[in-house]
Every structure is written in structure tokens, then in C-alpha cells.
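*Asks:* I would like the atomic coordinates for the input below:
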Amino acid sequence: MKKVLIFLGIIIILFAGTAYLTNMSNKEKVDAKNPYGKDSLHPETVAQLKDPNYQNIITLDNLQDKLESGEDATVYFYSPTCPHCKVATPILMPLADDMDINIDQLNVLEYESAWDEFAIEGTPTLIRFEDGKEVARVTGGQDKEQYQQWLEDNVK
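*Replies:* Here you go, the predicted structure:
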């Protein structure tokens, strides 16, 4: 009986140690390059931190400040768990770079209140703001030509 208790104690210590090391490893990944200003991120968000297509992240507070000050902005609302976003982002972001257009990216998985605040019906959603007010929107995945036409019509 004593051996069984010692064996169970060792197993518990091993599990606790593994959980601790995994938690520390995830925290290091988040701390390495975290534009979200949050201590805890969804694992799908952490997986995108180094992706070159997701390097223009804006926080919800920064977006609100930008719009309240009357600035113009083009904002891409996306979720790292959205299959349509995973297809659209590698099309849209290089296109915007080629057209010399800045697109801020807001992750609705991390900032869930953005769904209601900006009346987001689905992702991906691209919204153009001028003088802090919405002037154009496109929702759903588009092909390169459609995004290019939308950007030419609404941003350039």
C-alpha cells in the first residue's frame, strides 16, 4: 500500500511539473511578441504572432482612440479560427502592401466586444472609416480582384 501511495505521489508531481512547464512555455511565446497588450491569448492567436500576414495588429482601445480623434482608417476584422480569414488574409495583406495602403487588423477573437460595437456580422470584414465614421464595408471572403477594386474605390 505504501508503494502505491509513493507511486501515485510521483505521478502527481510529474503531471504538475509538466503543466507548470507548459504554462511557462506558452507565457514565453505570448511575451515574445505580443501586440495585444493582454497577458493571456487564445492559442490560435499565439500561433499567428510571427506570421508576416498578421503584423499590423491594432488593439480595440487604439482603434477607438483613432476613430474618436476623427482619423481615417481601413480596418480588417478577422478571427484566427475563421477558415475564410485564413484564405483572405494572405490575399489582402500583400495586396494592400503593393498598393501602399495601411490596413489595421483587429482580432475579434481577442476583442469580442468589437462584434457588437462595429456590427460585425461575420469575418472577414473590411471597413473604411473617414473622419472617424464608417463609409464603406465588405464582408466575407473575396478574391484578389474584388479586394483590389474595393480598395481602389474606397481607399485610394
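
*Asks:* domain map for the chain?
*Replies:* 1-30, 46-154 (the TED database).

*Asks:* which one of the ones you listed lies closest to Gly37?
*Replies:* Nearest of the domains of the chain to Gly37, taken as CB to CB: domain 46-154 at 5.6 Å. Heads up, the C-betas are built off the backbone N, CA and C, glycines and all.

*Asks:* per-residue confidence averaged over that closest one?
*Replies:* Domain 46-154 comes out with an average pLDDT of 96.

*Asks:* end to end, how far does that domain reach?
*Replies:* Terminal residues of domain 46-154 lie 32 Å apart, using CA to CA, to the nearest Å.

*Asks:* same check on stretch 136-156?
*Replies:* Stretch 136-156: ends 13 Å apart by CA to CA.

*Asks:* Tyr111 and Asp61 touch, don't they?
*Replies:* No - under the criterion of CB atoms under 8 Å, Tyr111 makes no contact with Asp61, lying 9.0 Å away.

*Asks:* for these two, indicate the residue with more neighbours.
*Replies:* When Tyr111 and Asp61 are compared for neighbours, Tyr111 comes out ahead with 19 against 10, by other CB atoms under 10 Å.

*Asks:* now the more buried one. Its backbone dihedrals?
*Replies:* phi -120, psi 70 (degrees, to the nearest 10).

*Asks:* oh, and call the first residue 811 from now on, that's how I've got it
*Replies:* In the new count, where the first residue is 811, that last one comes out as Tyr921.

*Asks:* would you mind measuring from the residue nearest in space to the middle of the chain to Asp908?
*Replies:* Centroid-nearest residue in the chain: Asn917, 3.0 Å away (criterion: CA atoms, centre = their mean). Separation of Asn917 from Asp908 (CB to CB, to the nearest Å): 23 Å.

*Asks:* again with Ile820
*Replies:* 58 Å.

*Asks:* does Glu854 really touch Val918, like I thought?
*Replies:* No - Glu854 is beyond contact range of Val918, at 11.9 Å (criterion: CB under 8 Å).

*Asks:* what about these two, which has more around it?
*Replies:* Val918 (23 against 15).

*Asks:* can I assume that one is in contact with Ala929?
*Replies:* No - Val918 is beyond contact range of Ala929, at 12.0 Å (criterion: CB under 8 Å).

*Asks:* wait, is Pro890 part of a helix?
*Replies:* No - counting by DSSP: H, G, I helix; E, B strand; the rest coil, Pro890 falls outside a helix, being coil.
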